[in-house]
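> Starting from these lines, generate the structure:
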Amino acid sequence: MSDLMESHVRTFNDGVRTGDWEPMLKHFAQDDGEHAITAAFAWLRGGTGRLALEHERGLVTRLTVVFDE
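Numbers count the residues shown, from 1 in each chain. The predicted model follows:
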């Protein structure tokens with residue numbers, strides 16, 4: 001997993017726990033990106049899927065979450 005994906009997942013989980021989403025939102029850019037990272041995930045409360053981050057210059061430009069059926 002890339003550093004950007006690991007950082008996003010960590011700050012997302014921190015946001016769920018604390019309600020403070022600002023650290024995660026700092027990873028997002030305003031423009032469309034050119035690169036993508038995809039990772040499989042599993043929720044602790046059940047469910048799996050794929051998380052895709054498109055990014056440019058270290059900032060997330062698009063986040064896509066697809067849940068498995």
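> so where's the chain shaky on pLDDT?
Applying pLDDT under 70 to the chain picks out residues 1, 31-34.
> Could you list the buried residues of the longest helix along the chain?
With secondary structure taken from DSSP state H, the chain has its longest helix at helix 3-18. Within helix 3-18, the residues that count as buried by 16 or more other C-beta atoms under 10 Å are 4-5, 7-9, 11-12. C-beta here means a position set from N, CA and C on the backbone, and glycine is covered the same way.
> next one: stretch 60-67
Buried residues in stretch 60-67, counted by 16+ other C-beta under 10 Å: 60-61.
> Identify all contacting residues around stretch 57-67.
With contact meaning C-beta atoms under 8 Å, 6 or more residues apart in numbering, stretch 57-67 is reached by 4, 8, 27-29, 31-33, 47-55.
> Show me the residue at the heart of the chain, geometrically.
For the chain, the residue nearest the mean C-alpha position is His8 (4.5 Å; C-alpha atoms, centre = their mean).
> The nearest residue to that residue once chain neighbours are set aside - how many residues pack around it?
Closest residue to His8 apart from its sequence neighbours, by C-beta to C-beta, 6 or more residues apart in numbering: His27 at 5.7 Å. Here the count is done by other C-beta atoms under 10 Å, and His27 has 17 residues near it.
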